[in-house]
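Chemist: When you get a sec, could you give me coordinates for this:
(one chain, ligands or ions: 1)
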Amino acid sequence: MNPKLFEADVRASIERSHQAADAFRALDDGASLETTVLALDEILRPLNATQGKTQLFAKVHPDASLRETARTLEQELAAWMTELSLDRSLYERVASFESCANDGSAEGRVIEVTLRAFRRSGVDRDEATRTKIKSLKDEIVRIGQDFDKNIIDGTAEFVIENGHRGLAGMPADFIASHPERDDGTVVITTDPQDRMPFMTFCESPELRRDYHRLVMQRAYPENLEVLRKLLAKRHELARLLGFDNWADYITEDKMIGDGASAREFLERVVSLCRERADRDYRELLAEKRRDEPEAEIVYDYERGYLGEKIRKRDYDFDSQAVRPYFPYARVRDGILATSAELYGVEFRRVDDAEVWHPSVECYDVIDDGQRVARFYLDMHAREGKFKHGAMFDMQNGIVGDDLPQACLVCNFPEPKGSDPGLMLRSEVRTYFHEFGHLLHHLFSRQEYVRLAGISCEWDFVEVPSQLYEEWGQDLEILQTFARHYETEEPIPADLFERMLAAEDFGKGLSVLTQMFYALLSLSYYERDPKDIDIERHMVELKQRLLPFPHDEGTCFITSFGHLNGYSAMYYTYMWSLVIAKDLFGRFDGQLMNRSIANEYRERILSQGSVKPASTLVHDFLGRDYDFAAFEKWLNAS
Ligand SMILES: [Zn+2]
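Modeler: Below you'll find the predicted structure:
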């Protein structure tokens, strides 16, 4: 794609949005609720096809100049959205329908959420304040982009001087894909594809330690200053909008409601998992003492490696043993087939669709003979591409008009020649997770852009994804596609059982680690940042929560991208997991029951934000959600 054409296309959509705003302002005073809401939505309509695409291309497009263009356009789009959110004349017209908010209709809901968004953006403040808000928001977008970019640019190479001897313990395909260079050294990068296997299998503790330090120094120190600025600007904005701090501001329109409730939730989970985490740590230490009887401490860089040894010996499970059952293409086809069967739809490959890279695939979703959605799979790593897994929406589904479109972005092994691209179990889980997001977006269909797509409360967003992970750990489902790449034998039941049991090991520590991230993200944003030394605060919190000592010279916050994207809301993963565990109970072990699945699709996935998420959950469960299933899962062993 030509960057100039793309730029022109996005700019034209912003222009059409401007025109729609003018048309809205010119509405007759007597315009009805329906006319008003429709005209209001027309302002967002032109952006429906370009906003998501711009975000996607900024992160994944193979052409660096187009990525750069997309980042500039992201700023322009954000600036226009901010301008709209501060537009007094728009606000006043919407406010004149305030009595219709909450009347149970989609139009009433549009009024309700629009008014709330307007007020949260400070539209009702004086002009000087609104000008200040606008400039703060623009600055925050730019600072956030710098933070993200420094992380991507912070990818570093780690040189292993003794070549393949330094890779002792590593899987054969890892060694094969990391050949020795002419000088006898081997290079690995800090990217997740190298990081996970190296921290799990490399036998040399010194190499793991040095490598881990390098990983934990990405974007260090440059992102410290960027982060300080980001925290300061967000705090200033929250104060200007009448909140004590950013955490209270950002959680106000989420399920959780305020910063204090988020803290209370996280501390509750900490106390629920503490005992189990202590037990996990003692097991890691005992494992270490087999080699070093005097050892008193387990370090971060030993965690993955010792855990793998415990799983191997105590659970007789070798994580390498399942990889032959997970060649990339089979996993992809299996997830597509499972989803198609579950919801009674068809995924049809579109070979002639325009894609941005030859490895990207396009599929149409066919439901009842109709094409109802389109999605893209951009699943393999390449230079300059976003390093994690994520679903990017490209267009929201509007009834009778725009088809929902989205793209999954991952960095999974790529089949090449005789290499089938064997996936790790954790990658298969991620595939299900991201596909859960995808189905949420593709099944969402609403009359108004404002309520369409994944527009629900942000702390509900990880529910469909974490729920769908359950389908990836069901033996019957796995056996339909997880077949040995050479022998075609389905994954054996006993290997599967040992895998599940082994995966259970370390659950306490992994939940506790999540709570460390979540409390860190919350605590940076729940006070005036000038009162905190961000580095020291991270160390102190880590010492309070986790048994692993801090390694001086490492600073993981500089590459903790969620501190920008999620700000104070890392808690959302665990919060969503509580709800996902509860929803899963409704399937009552019948994972392929199409009628329950379609009820879930109907009552939750398709609903966008036409009702609050807690109401959607109630509609599906027939009661409010609770903690019981989550606690049961946490304590099960
Ligand atoms: Zn997710």
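
Chemist: Which parts of this protein are strands?
Modeler: In the chain, the strands defined using DSSP state E lie at 157-160, 186-189, 346-349, 361-367, 370-380, 390-395, 405-412.

Chemist: who touches the spatially closest residue to residue 629 that is not a sequence neighbour in this structure?
Modeler: The shortest distance from residue 629 to any non-neighbouring residue, by Cβ to Cβ, 6 or more residues apart in numbering, is to residue 581 (4.0 Å). In short, each C-beta sits where N, CA and C put it, glycine included. By Cβ atoms under 8 Å, 6 or more residues apart in numbering, the residues touching residue 581 are 629-630, 632-633.

Chemist: Farthest pair within the residues you listed?
Modeler: Greatest spacing in the contacts of residue 581, by Cβ to Cβ: 630 and 632 (7.2 Å).

Chemist: The two: which has the busier surroundings?
Modeler: Neighbours were tallied for residue 630 and for residue 632 using other Cβ atoms under 10 Å; the higher tally belongs to residue 630 (20 against 11).

Chemist: my guess is that one meets residue 575, correct?
Modeler: No: here residue 630 lies out of contact with residue 575, judged by Cβ atoms under 8 Å, at a distance of 9.9 Å.

Chemist: Show me what the most centrally placed residue in the chain bridges to in the sheet.
Modeler: Residue closest to the average C-alpha location in the chain (Cα atoms, centre = their mean): residue 390, at 5.4 Å. Beta-bridge partners for residue 390, by DSSP bridges, are residue 409.

Chemist: Please parse this structure into its domains.
Modeler: Using automatic domain parsing, the domain parsing of the chain gives 3-124, 155-205, 323-499.

Chemist: hang on, isn't residue 186 packed against residue 165?
Modeler: No: in this structure, residue 186 is not within contact of residue 165 by Cβ under 8 Å, at 9.3 Å.

Chemist: Tell me which of these two has more neighbours.
Modeler: More crowded of residue 186 and residue 165, by other Cβ under 10 Å: residue 186, with 20 against 12.

Chemist: which stretches of this protein aren't confidently modelled?
Modeler: Along the chain, the model assigns pLDDT under 70 to residues 637.

Chemist: Who are the contact partners of the closest residue to residue 522 other than its chain neighbours?
Modeler: Excluding the flanking residues, the one nearest residue 522 by Cβ to Cβ, 6+ apart is residue 568, at 5.0 Å. Neighbour list for residue 568: 246-247, 250-251, 259, 262, 521-522, 524-526 [criterion: Cβ under 8 Å, 6+ apart].

Chemist: Please apply the same query to residue 584.
Modeler: 467, 470, 629.

Chemist: so how far is residue 505 from the second one?
Modeler: When Cβ to Cβ, to the nearest Å is applied, the distance between residue 470 and residue 505 equals 19 Å.

Chemist: neighbour count winner among the two?
Modeler: Between residue 470 and residue 505, residue 505 has the larger neighbour count (other Cβ under 10 Å), namely 20 against 17.

Chemist: Tell me who's in contact with the more buried one.
Modeler: 280, 283, 307, 310-311, 314-315.

Chemist: how about a cut-off of 10 Å?
Modeler: 279-280, 283-284, 307, 310-311, 314-315, 317, 637 (Cβ atoms under 10 Å, 6 or more residues apart in numbering).

Chemist: In PDB, list the C-alpha atoms belonging to stretch 294-308.
Modeler: Taking Å, rounded to 0.1, in the frame of the first residue of the first chain, the C-alpha atoms of stretch 294-308 are listed here in PDB:
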ATOM      1  CA  GLU A 294      23.400 -24.300  50.700                       C
ATOM      2  CA  ALA A 295      21.000 -22.100  48.600                       C
ATOM      3  CA  GLU A 296      18.700 -19.800  50.400                       C
ATOM      4  CA  ILE A 297      17.300 -17.700  47.600                       C
ATOM      5  CA  VAL A 298      15.700 -18.300  44.200                       C
ATOM      6  CA  TYR A 299      16.300 -15.500  41.700                       C
ATOM      7  CA  ASP A 300      14.000 -14.400  38.900                       C
ATOM      8  CA  TYR A 301      16.200 -15.800  36.300                       C
ATOM      9  CA  GLU A 302      15.900 -19.300  37.900                       C
ATOM     10  CA  ARG A 303      12.200 -19.400  38.100                       C
ATOM     11  CA  GLY A 304      11.300 -20.700  34.600                       C
ATOM     12  CA  TYR A 305      14.200 -23.100  34.500                       C
ATOM     13  CA  LEU A 306      13.500 -24.700  38.000                       C
ATOM     14  CA  GLY A 307       9.800 -24.800  37.300                       C
ATOM     15  CA  GLU A 308      10.400 -26.800  34.100                       C
END
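
Chemist: and it, which residues are buried?
Modeler: Residues of stretch 294-308 classed as buried by neighbour count (16 or more other Cβ atoms under 10 Å): 298-308.

Chemist: Contacts only, for the spatially closest residue to residue 270 that is not a sequence neighbour.
Modeler: Closest residue to residue 270 apart from its sequence neighbours, by Cβ to Cβ, 6+ apart: residue 515 at 5.0 Å. Contacts here follow Cβ under 10 Å, 6+ apart; on that basis residue 515 touches 265-274, 277, 545-546, 570-571, 574.

Chemist: Quick one: which of these is the most crowded by neighbours?
Modeler: Ranking the contacts of residue 515 using other Cβ under 10 Å puts residue 571 first, with 28 neighbours.

Chemist: Give me the distance between the nearest residue to that residue once chain neighbours are set aside and residue 471.
Modeler: In this structure, residue 571 finds its nearest non-sequential neighbour in residue 518, 4.4 Å apart by Cβ to Cβ, 6+ apart. Remark: distance between residue 518 and residue 471 (Cβ to Cβ) = 26 Å.
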